[in-house]
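# give me a 3D structure for the following:
(one chain, ligands or ions: 1)
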Amino acid sequence: MPSLKEIAATKGLLFGTAVNSGHVAKNSKLAETIRRECSCITAESDMKWTAIRPEAAKFEFTRGDKLAQFASDNGLLLRGHALVWHDLPAWAEAISAEDAETILVEHMKAVASRYEGKVGHWDVINEVASPNGLRDTIWLRHLGEKYIDLAFQVAKESCTATRFYNENRMEYDTWEMENKRKSVLKLLERLVSSGVPIEGLGIQAHLFPELAFSESKYSAFLKDVGALGLKILITECDVTDKELPADVAERDQKIADTFKQYLDVALAEPAVIGVLTWGLTDAYTWIKSVRPRTDGLPVRPLPFDDQINPKPAYQAIYDAIANAPAR
Ligand code: G3I
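Residues are numbered from 1 along each chain as shown. Just a heads-up that it's a prediction; the model follows:
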């Protein structure tokens, strides 16, 4: 059977995962599985402000450089994540309105130019919208909405990577997510119509099996984004299993069904260029610490278990890609 990246390539799609340099350094089976299954990786945390900018006057590129080396050694497209985000080291939370633009631009230029030719996509901005418009961040408070336009312009001037806006919580029929989709579309329409150099929307797709998913509303949203001439990439797919039954076989099947239902709809949209999961193995997943199960059982949100053996979710992702129309 072809691997995920091989079946994806037959459709003109990317398949990949988020990963940290520390994970591939200490787990050779993970490194080998990424080589076999993935055409791209996202820097899960190695290129964030918290990693690269521990202090105002100090850039720390060690982890990012290691991941860039792993990508280049293995012919993987590397996705940089993220040049602008609200999750900042403590010193940056205290940036003044007066200094904000200088510090933001300096940081973006330093990081984007460091990885020029190594990073193929940048998440230029991450998680900037809210159901009511824009997320309240230090950048919005100090610079106003123009920080978004500025970020894409600086990225364009500093590197040749494809420029993405990456966003979370847009998938389901809740009030919050329906309004989030409206906010995102409004922002995208403004950016595109005013010539801001954005090239793609990254849709995180952290999935919840218990929430109602309207396939027609979601397809319409993807179509609207695609009609703006933007690429779409599913960037952080995983399934939170907090509300699912304890029984592993039953739980794994529901997780697989959740991936399949979502990806069937997402990959039917021609503007979607690929899918990445947020980690490959249950051994390394943010869900373990942020959304643990109340019964204390290990979480199983990803296509491979904690020993890196494929689970039903692997087959579900495979089948969704195999069923997708070719680009
Ligand atoms: O490395 C330290 C370790 O030394 C220390 O013992 C431990 C104690 O808490 O913390 C470790 O750092 C953690 C790091 O993950 C490990 O890689 C940080 O506390 C923790 O905050 C950090 O969480 C990451 C989170 O973003 C914040 O940066 C998650 O791994 C990462 O998966 C998550 O990714 C985000 C995307 O960037 C944006 N979309 C949502 C997604 C999931 O939250």
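# for the rest of this, base every contact and every neighbour count on C-alpha atoms.
Fine.
# residue ranges of the helices in the stretch 201-327 of the chain, please?
If you assign secondary structure with DSSP state H, counting those that start in this stretch, the helices in the stretch 201-327 of the chain sit at 215-227, 248-268, 287-290, 312-323.
# any idea how far the second one is from the chain center?
Relative to the centre of its chain, helix 248-268 is centred 18 Å away, using CA atoms, centre = their mean, to the nearest Å.
# now it against helix 215-227, angle please.
Computed with axes from the mean of the first three to the mean of the last three CA atoms, to 10 degrees, the direction of helix 248-268 lies at 40 degrees from that of helix 215-227.
# same for helix 248-268, what does it pack against?
Packing partners of helix 248-268 (3 or more CA pairs under 8 Å, 6 or more residues apart in numbering; DSSP states H and E): helix 215-227, strand 231-239, helix 312-323.
# and the helices of the stretch 201-327 of the chain: which comes nearest the ligand?
helix 287-290 (7.6 Å; CA to the nearest ligand atom).
# off-centre distance for that closest one?
For helix 287-290 - counting by CA atoms, centre = their mean - the centre lies 17 Å from the chain centre.
# I'd like the helices of the stretch 201-327 of the chain as a markdown table, with mean pLDDT appended.
Conversion of the helices of the stretch 201-327 of the chain to a markdown table gives the following (pLDDT from 0 to 100):
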| stretch | mean pLDDT |
| --- | --- |
| helix 215-227 | 98 |
| helix 248-268 | 98 |
| helix 287-290 | 98 |
| helix 312-323 | 98 |
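# now the ones you listed as a markdown table including mean neighbour count?
Formatted as a markdown table, the entries for the helices of the stretch 201-327 of the chain read as follows, by neighbours: other CA atoms under 10 Å:
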| stretch | mean neighbour count |
| --- | --- |
| helix 215-227 | 16 |
| helix 248-268 | 20 |
| helix 287-290 | 14 |
| helix 312-323 | 20 |
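# got those as JSON lines, with distance to residue 136 columns?
Output for the helices of the stretch 201-327 of the chain, formatted as JSON lines (distance: least, CA to CA, whole Å):
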{"stretch": "helix 215-227", "distance to residue 136": "23"}
{"stretch": "helix 248-268", "distance to residue 136": "29"}
{"stretch": "helix 287-290", "distance to residue 136": "22"}
{"stretch": "helix 312-323", "distance to residue 136": "35"}
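# which one of the ones you listed lies closest to residue 1?
When the helices of the stretch 201-327 of the chain are ranked by proximity to residue 1, the top entry is helix 312-323, at 10.1 Å, counting by CA to CA.
# distance to the ligand added to the helices and strands packed on helix 248-268, as JSON lines?
What follows is the helices and strands packed on helix 248-268, written out as JSON lines (distance: least, CA to the nearest ligand atom, whole Å):
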{"stretch": "helix 215-227", "distance to the ligand": "19"}
{"stretch": "strand 231-239", "distance to the ligand": "7"}
{"stretch": "helix 312-323", "distance to the ligand": "19"}
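# so for residue 36, which of the ones you listed sits nearest?
Distances from residue 36 to each of the helices and strands packed on helix 248-268 were compared using CA to CA; the minimum, 13.4 Å, belongs to helix 312-323.
# now that closest one and helix 248-268, what's the angle there?
Using the same axes, to 10 degrees: helix 312-323 against helix 248-268 is 20 degrees.
# helix 312-323 vs strand 231-239, what angle?
Direction vectors for helix 312-323 and strand 231-239, defined by the same axes, to 10 degrees, enclose an angle of 160 degrees.
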